[in-house]
Every structure is written in C-alpha cells, then in structure tokens.
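# Here is a sequence together with a model predicted from it:
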Number of protein chains: 2
Amino acid sequence: MHKGEETYNYSRSLNEVWRLLNEQERMLLRQNAKIQHFKKNQQIYCEGEEPKEMMCLLKGKVKIYKEGIGGRSQIIRMIRPIQYFAYRAYFAGENYLTDAAAFESSTVCLIPMKVVTEIMKHNYNVCQFFIRQLSTDLGIADERTVNLTQKHIRGRLAESLISLIDSYGLEEDNTINIYLAREDLANLSNMTTSNAIRTLSTFVAEKVITLDGRKIKIIDEEKLRKISKLG
Amino acid sequence: MHKGEETYNYSRSLNEVWRLLNEQERMLLRQNAKIQHFKKNQQIYCEGEEPKEMMCLLKGKVKIYKEGIGGRSQIIRMIRPIQYFAYRAYFAGENYLTDAAAFESSTVCLIPMKVVTEIMKHNYNVCQFFIRQLSTDLGIADERTVNLTQKHIRGRLAESLISLIDSYGLEEDNTINIYLAREDLANLSNMTTSNAIRTLSTFVAEKVITLDGRKIKIIDEEKLRKISKLG
DNA sequence: TTAAAGACATGTTTTATAACACAAAAGTAG
DNA sequence: CTACTTTTGTGTTATAAAACATGTCTTTAA
C-alpha cells in the first residue's frame, strides 16, 4: 500500500466527525493533522504533559491509565480504532491527568486542539459531538467507580471481560479480540496479578471461559454477566 | 423578602452562565426557568428517570449518589450553590444514572434542556461552558476512582474531608461548613459507617481534627493533607 | 417525661484480598 | 542452543476492612 492510498483510508476512517464538517473545515484538518505510529507498549502521552493535540486512534489498541499508589497502575479506559481521545485535559484547561500507551502497534491521527476549537466556534455539530462523548464517558466513569469499589474480585474481573467484549468484540470462535497480559487484566479490574490469574482459573473450572495463553474464549457469556452483576 | 425580590436575587446568582447570554437569550431563560424548593433529605431526581431539565443549585447542599450493591450507597459528588447539575444524562442521551437529594433545605432553579440546547446552537460560549464543566468533572471522576480503590481508609476519609473543605469552605473557627451524618461521610469515602466513626476518632486522638457532634473542626490541615496523600 | 427510634461509639470476629514466596513455562537476547 | 528475563501459576501467610454485637447518647414523638 503506497502512501497516498494509506492516507486516503485514514481520512475515510475519521468518518464520524468528518461528515459533520464542510469542505473548508475538512481542508483545515487535512492541512494540520499528522499521522503517527506507536510501537507495542510505547507511551503516547504522559501525566503532567501539556495537551496540544487531540488524537484519533486509526489502528491498534490503546490504554488510558493512571499510576497510582506504590506503582500500582489503574487502567481507566481502553481505546479502539476510530475513537477520539486526549482532548479532555485541554478542554478542562489542565495538563494530562492520565498516561496513554499502545497495547499493540498502533496508528494515531493527531489534530491540534487550536484547530479543533477554531472549527467548534462555527460548527455546533462538533461541539455536540464532544459534549455527547464527554457526557457518556462521565457516566461510564461514575458506574465504574461503584463497580470497582463495591464488587468483589469475581464480579470485577467478569465486568472487565465484558467491557473488553463490548470494546473489541469476539472472533468467530468466541475469542475476545484483544490479548492482554494478566497484569493488564488486573490493572483493569483493580486487583493484584495473582488474583487475576487465580480468578481466571476458577472461571475456567466453572466452564465460563477457556484459556490458551492470552487468548480468552467465552463459553458462557450469560453466566459471565450474572457473575458481573451479583458476584 | 417578597417574591419579586427573591427572583431577582436568583437571577443574579445564575451569573456565571448569565453573562454569556444576550438579552434575547436571557428572556428565554426567564420565561422557562422554574424555582423549586426541596426539604432536607428530599429526593430531587432518581436513577432511571428521563431527564428533561437541567438544574442550578441556588441555596443549600445537594448530593449526587448511586445505590450500589446491597443497599450500600456511594456519593459521587456534592453540589454547592451556583453549581449546575443534572445535565449529563440528557447530553449523553440516557436516563439518569444517579440519584440526587438535598442534604439540607435547598432551592433549585430548573431549566428545560430543550431551551438550553436551543441557546447552545447559536451561542458557542454556552457550549464551551458545558464542555469545560464536563471535562473537569471527568478528570475528577478519574482521580476519584484511583483514590477510592487504592488508598486505605485513613487516606480516603482524609481525602473526603479535604474535598468538603474545598467545596463548602471553613467557618472562622475552622469548622467545615457542612454537617454530615457519619453515614454520609462513610458513603463519600467508600467505607462502613463504623469505620468512618472509628477513623474520625483516631484523627481526634492524633489532634488532626476535633469533633462536636457533626461539627468537624480542622486543627492540622497540613497533616490531614499528608494523610490523604500517603495514608 | 417517658418511650421509641435513630445516630454514635467501640470491642470482637470473620473474611476477602494483598503480600509474600517459590516454581514452572514461555518468550527474548546473546 | 543456552542463559536470562518476564510472565504465568499456586500455595501460604498476613492484614485491612467488613460484619457482627452491644451499649450509650441524642433526638423525636406520644
């Protein structure tokens, strides 16, 4: 695939926001957007940095996380392709409060926030897009707070697996379409790596999932949802 | 105070957003806004309800909370006068995910969301106001998740006390300007009521605070912040 | 003014989960 | 291929916090 074609596909991928724009605004984006590749486990931005550009994930998988107490990191949310991220801090007038890193080799489109806000001034649809997105994410964060603080280990892990299914989907053979280290699964579910491993094992014993290395195959999604709700 | 004067004062209180509006928009608000009083402990809205109106707290104190597992409720955030709330769900296209109730006798201004979005279409400043607010709140929610899941009881309670100071301020004698039941303090800090009581007692023993019923007087704010960070 | 209900306080027991320790497996580099 | 690091897996111990129990104090109500 030569460079022109690659860029063309990316432009199409930005679709969701793209169709809210007129030709002039699209031109502005084309002129200012940059494409950047990140290797597996490469940092995309760091806590404390000043946000200048918003990002749209074109390819790959990205985690937004925080380094907590005593090196225990906590994954806040996961990004899938064609999701926008890294704009919150700029809008709040803050530096980044989180870190972002690529789970796997990823491609990101960077758009200067100055350009974005310039467009927003004259385009209500784009404002509405961000308001809806922020509102949805705030709702998810509120739910998450209760889940992580009140549910037991089994419930939290089940919840995480379900959210991974929702984000990245299942292959034809019911394998979750992302391969995470046990440690990441633990950081997502607010538990130690040992307990993530142990609890995954009990799920296997209960025939809710099967494991093959990092491949997680869902056997009984109904039961998994039940564990997430009650356990 | 007669009715006209009361309304006049409320209008001035809406200041922050008020000055973003032109005369026509202000008229629209005046015609559609309603003032409503809530008694102590009265519910303002419930989870599952369809949001139709945004609210601005004019007087009193309000808690936004969620009923979690087994009746354990979790306070998500506290509202102080001249803060707007109850708009997230509408913007996200959802029903309310939280409950809201008055801590003490409170006065609320209700503004139909239809009117708000109508104004937003032609007023970028109002869009910006909500985007900034949502972005700030999302940042707070992310911080909170890590604090509630990773800090120990002492740290969580200290954190809650500090956030109460930040929200409601201190009297001249260093008393926190809100009187919460131990149970509410517990629901704010993700712990049982017993543990909130116990931990408050240890804070008294350590001369960080003094207690007189529900009055909490801050003796050593520096130490409290240290406990919140490390403990 | 005396019950009754609710909030506050504190000691004891139980339990979920972290912390630790070690081993096996798998991936990585020299 | 071999050594080395990282990841996974499992048993054991320690501990923070919930659950439970009980009593006192305070407010409300009859």
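Sure thing, it's come through.
# does any part of the helix or strand containing A:Phe129 sit near chain B?
Using DSSP states H and E, A:Phe129 sits within helix A:124-150. Yes: taking CB under 8 Å from any CB of the partner chain as the criterion, helix A:124-150 and chain B are in contact, through A:124, A:127-128, A:130-132, A:134-139, A:141-146, A:148-150. From N, CA and C alone the C-beta is placed, and that goes for glycine too.
# what's the neighbour count on A:Asp212?
8 (other CB atoms under 10 Å in any protein chain shown).
# Equivalent analysis for A:Tyr179, please.
The number of residues near A:Tyr179, taken as other CB under 10 Å, comes to 15.
# domain ranges for chain A?
Using automatic domain parsing, the domain ranges for chain A come out as A:3-148, A:152-230.
# Show me where chain A has its strands.
A:34-38, A:43-45, A:53-59, A:62-67, A:73-79, A:83-85, A:99-102, A:106-112, A:209-212, A:215-218 (DSSP state E).
# Can you add distance to A:Ser194 and mean pLDDT and give these back as TSV?
Listed next are the strands of chain A as TSV, based on distance: least, CB to CB, whole Å; pLDDT from 0 to 100:
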stretch	distance to A:Ser194	mean pLDDT
strand A:34-38	30	95
strand A:43-45	26	96
strand A:53-59	31	96
strand A:62-67	20	96
strand A:73-79	16	96
strand A:83-85	31	96
strand A:99-102	23	96
strand A:106-112	29	96
strand A:209-212	16	96
strand A:215-218	18	97
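# Out of those strands, which is closest to A:Leu170?
Nearest of these to A:Leu170, taken as CB to CB: strand A:215-218 at 6.5 Å.
# buried sites along that closest one?
Under the neighbour-count criterion of 16 or more other CB atoms under 10 Å in any protein chain shown, strand A:215-218 has A:216, A:218 buried.
# Which strands or helices does that strand pack on?
Secondary-structure packing of strand A:215-218 (3 or more CB pairs under 8 Å, 6 or more residues apart in numbering or on different chains; DSSP states H and E): helix A:153-168, strand A:209-212.
# same thing but 6 Å
Applying 3 or more CB pairs under 6 Å, 6 or more residues apart in numbering or on different chains; DSSP states H and E, one finds that strand A:215-218 contacts strand A:209-212.
# Next, see if the strand it packs on gets close to DNA strand C.
No: contact between strand A:209-212 and DNA strand C, assessed by CB under 7 Å from any atom of the strand, is absent, since the two come no nearer than 9.6 Å.
# and that strand, C-alpha only, in PDB?
What follows is the C-alpha trace of strand A:209-212 in PDB, where atoms were taken according to Å, rounded to 0.1, in the frame of the first residue of the first chain:
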ATOM      1  CA  ILE A 209     -14.200 -19.400  29.700                       C
ATOM      2  CA  THR A 210     -11.300 -21.300  28.400                       C
ATOM      3  CA  LEU A 211      -7.700 -20.100  28.200                       C
ATOM      4  CA  ASP A 212      -4.900 -20.600  25.800                       C
END
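# quick one: which of the strands of chain A is nearest B:Asp173?
Among the strands of chain A, strand A:62-67 comes nearest to B:Asp173, with 36.9 Å by CB to CB.
# how about the closest one, does it get close to chain B?
Yes: using CB under 6 Å from any CB of the partner chain, strand A:62-67 reaches chain B at A:Lys66.
# That strand pairs with which strands, and in what direction?
Using DSSP bridges, strand A:62-67 pairs in its sheet with strand A:73-79 (antiparallel), strand A:99-102 (antiparallel).
# and the angle from the first one to helix A:153-168?
Interaxial angle of strand A:73-79 relative to helix A:153-168 (axes from the mean of the first three to the mean of the last three CA atoms, to 10 degrees): 30 degrees.
# Measure how strand A:73-79 sits relative to helix B:124-150, angle-wise.
140 degrees.
# Strand A:73-79 and DNA strand D, any residue contact?
No: Strand A:73-79 lies apart from DNA strand D when judged by CB under 7 Å from any atom of the strand; the minimum separation is 12.6 Å.
# before we move on, the earlier item: now tabulate the strands paired with strand A:62-67 in a markdown table and tack on mean neighbour count.
Compiled in a markdown table, the strands paired with strand A:62-67 are given as follows (neighbours: other CB atoms under 10 Å in any protein chain shown):
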| stretch | mean neighbour count |
| --- | --- |
| strand A:73-79 | 22 |
| strand A:99-102 | 21 |
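# so where's chain A uncertain?
Residues of chain A that meet the criterion pLDDT under 70 lie in A:1-14.
# For it, what lies in contact range of DNA strand D?
When proximity is defined by CB under 7 Å from any atom of the strand, chain A lies next to DNA strand D at A:181-183, A:193-194, A:197-198, A:200-201, A:211, A:213-214.
# circling back: of the domains of chain A, which approaches B:Ile79 most closely?
Counting by CB to CB, B:Ile79 lies closest to domain A:3-148 out of the domains of chain A; the figure is 14.3 Å.
# Does DNA strand C have contacts with the closest one?
Yes: taking CB under 7 Å from any atom of the strand as the criterion, domain A:3-148 and DNA strand C are in contact, through A:Gly70.
# Same question for stretch A:197-208.
No: counting by CB under 7 Å from any atom of the strand, no contacts exist between stretch A:197-208 and DNA strand C, the nearest distance being 8.4 Å.
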